[in-house]
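*Asks:* no sequence on hand, only this structure:
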């Protein structure tokens, strides 16, 4: 039996095509994923992302713990600020990618993790919590609670018109949301609003009590936000050059092999899980890299297709139609030495086809960059 | 789900319409286009080429996956719907109007082996 979000009945009533995503019955689209993609790039779309899991940390040990747990440094966060990070194994492999928010009260942090990996993430974090407590100096402020939030709905509002849609649908949020800088969050009553997203456009991600989800969704739709499913979510994030856990990285590769070196903070002497392996990898001239591909011609690039380069073979990790770019695009793990501007050959279903190596993102704020 | 009564159907979701001159128009059904999702590319057969029944005669590619289209009967391709190449979404919008190619059947009697509307309807009901 697949899990259902608080908005399931609305998706079903809207005629959504429903699919199994990480054990959740989610809308793939409501008629046309290409139209939904376009709606987000040109005005505003609304997504049910309640399958993602929220974990709250409270207590004086929260920050010291996060600084050992995550490859990016949560110690840099100002109140209200958010950070994108990978959580690593001891061998540098990625357990999950996530966003961590520093909340307004002291010693309070919120993590949002992927649906498919949530149970594993929680088990990993609980184990690390036990190790952290066991290794703590006596008398140190290391206590913290790790609490999964089971009663929240998550709704994303994305697009150049997102602020306007949000203001019209939820007037109490209008001024605080508008005032948010990108990657900052604020709490207005029971609603947590973050200026974050997975589309490369302006937008907001809301966490709110499940009981308010349906009326919030309806208000956003009435304010001209187009319901958008996972199909559009995938083409939007790929164009925005954003990784998808499970495709672009998993526990067998490190962030450095996944285009996520920018999310690893090695500037201080901070010890974090996986640090040693990353430091070794940084000195490896043969380390693989994740780059973008733009297909030159007809067809569709897809996951796992083989890539032939002057430096050896590579593989596509995520591929799809790029509706705004106008051609198929992909992320691919390629050998060291390949660079943006190189032409490579991809083994499509129909035979070899030329593709151009590009540095992601492919699209930002509605503008094609490649 | 739309299943016009005047067409014949292959179990692999192609529809066949017999024209006044005995040639056959072939397309894919509403069930097929819905399963495929938004179509982005269509590869049509070569005009003048002969195809055996069941041979791969065209390819449609959607956001989700590429899908082979099979010749419902043996025959020669007389014409292809070129306009579809630039507007593959037409197939999603109206699957039974968006013909892919016109076939001159090698043996028109083979039409009898295809499903009628009721049989195809039953097949797709069972697939749900």
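*Replies:* Thanks, I have it. Just so it is clear, the model here is predicted, and its values are computed rather than measured.

*Asks:* tell me how far the residue lying closest to residue A:258 once chain neighbours are set aside lies from chain B.
*Replies:* Spatial nearest neighbour of residue A:258, excluding adjacent residues (CB to CB, 6 or more residues apart in numbering or on different chains): residue A:249 at 3.8 Å. Yep, even glycine has a C-beta here, placed from its N, CA and C like the rest. As for residue A:249, its distance to chain B is 23 Å (criterion: CB to the nearest CB, to the nearest Å).

*Asks:* distance of residue A:249 from residue B:49?
*Replies:* Using CB to CB, to the nearest Å, we find residue A:249 at a distance of 45 Å from residue B:49.

*Asks:* tell me which parts of the stretch 1-150 of chain A are close to chain B?
*Replies:* A:17, A:28, A:29, A:32, A:33, A:34 (CB under 8 Å from any CB of the partner chain).

*Asks:* got a pLDDT number for the fifth one?
*Replies:* At residue A:33, the pLDDT value in this model is 97.

*Asks:* OK, contacts around the residue nearest to it when sequence neighbours are not counted?
*Replies:* Nearest non-adjacent residue to residue A:33, counting by CB to CB, 6+ apart: residue A:231, 3.2 Å away. Going by CB atoms under 8 Å, 6 or more residues apart in numbering or on different chains, residue A:231 touches A:28, A:29, A:33, A:36, B:37, B:38, B:63, B:64.

*Asks:* quick check, residue A:231 in a helix?
*Replies:* Yes: counting by DSSP: H, G, I helix; E, B strand; the rest coil, residue A:231 is found in a helix.

*Asks:* helices of chain B, residue ranges please.
*Replies:* B:30-36, B:83-86, B:89-93, B:117-127 (DSSP state H).

*Asks:* what's stretch B:82-96 in contact with?
*Replies:* With CB under 8 Å, 6+ apart as the criterion, stretch B:82-96 contacts A:32, A:34, B:2, B:4, B:7, B:15, B:27-30, B:32-33, B:37-42, B:44, B:60, B:97-98, B:100.

*Asks:* now swap in stretch A:28-43 and tell me
*Replies:* A:11, A:14-19, A:45, A:158-161, A:199, A:201, A:224, A:226-232, A:235-236, A:321, A:323-324, A:363, A:366, B:37-38, B:40, B:63, B:89, B:92.

*Asks:* give me the buried subset of those residues.
*Replies:* A:11, A:16-18, A:45, A:158-161, A:199, A:201, A:226-232, A:235-236, A:321, A:323-324, A:363, B:37-38, B:40, B:63, B:92 (16 or more other CB atoms under 10 Å in any protein chain shown).

*Asks:* which of residue A:249 and residue B:49 has more neighbours?
*Replies:* Using other CB atoms under 10 Å in any protein chain shown, the more surrounded residue of residue A:249 and residue B:49 is residue A:249, with 25 against 11.

*Asks:* which SSE is residue A:85 in?
*Replies:* strand A:82-88 (DSSP states H and E).

*Asks:* specify the beta-bridge partners of residue B:26.
*Replies:* residue B:16, residue B:101 (DSSP bridges).

*Asks:* and it, how many neighbours?
*Replies:* 26.

*Asks:* out of everything not next to it in sequence, what's closest to the residue positioned nearest the centre of chain B?
*Replies:* Nearest to the geometric centre of chain B sits residue B:27, at 2.6 Å (CA atoms, centre = their mean). Nearest residue to residue B:27, sequence neighbours excluded (CB to CB, 6+ apart): residue B:99, at 4.8 Å.

*Asks:* go on, residue A:72?
*Replies:* Nearest to residue A:72 is residue A:85, by CB to CB, 6+ apart, at 3.5 Å.

*Asks:* the one you found and chain B, how far apart?
*Replies:* With CB to the nearest CB as the criterion, residue A:85 and chain B are 30 Å apart.

*Asks:* quick revisit: now, which of the residues of the stretch 1-150 of chain A next to chain B sits nearest chain B?
*Replies:* Lowest distance from chain B to these (CB to the nearest CB) belongs to residue A:34, with 4.5 Å.

*Asks:* list phi and psi for the residue in chain B positioned nearest to chain A.
*Replies:* Nearest residue of chain B to chain A: residue B:38, at 4.5 Å (CB to the nearest CB). Backbone torsions of residue B:38, given as degrees, to the nearest 10, read phi -60, psi 120.

*Asks:* now swap in the one 10 residues further on and tell me
*Replies:* Backbone dihedrals for residue B:48, given as degrees, to the nearest 10, come out at phi 100, psi -20.

*Asks:* can you name the residues that contact it?
*Replies:* When contacts are taken as CB under 8 Å, 6+ apart, residue B:48 is in contact with B:76, B:77.

*Asks:* what's the spacing between it and residue B:111?
*Replies:* 22 Å.

*Asks:* equivalent analysis for residue A:154, please.
*Replies:* Distance from residue A:154 to residue B:111, by CB to CB: 53 Å.

*Asks:* the more surrounded of the two?
*Replies:* residue A:154 (24 against 14).

*Asks:* beta partners for the more buried one?
*Replies:* Here residue A:154, judged by DSSP bridges, has bridge partners residue A:207.

*Asks:* next one: residue A:187
*Replies:* Applying DSSP bridges, one finds that residue A:187 bridges with residue A:192.

*Asks:* dihedrals phi and psi, residue A:282?
*Replies:* phi -60, psi -30.

*Asks:* the closest residue in space to it that isn't next to it in sequence: neighbouring residues, count only.
*Replies:* With sequence-adjacent residues excluded and distances taken as CB to CB, 6+ apart, residue A:282 is closest to residue A:256, at 6.7 Å. Look at residue A:256: counted by other CB under 10 Å, it has 20 neighbours.
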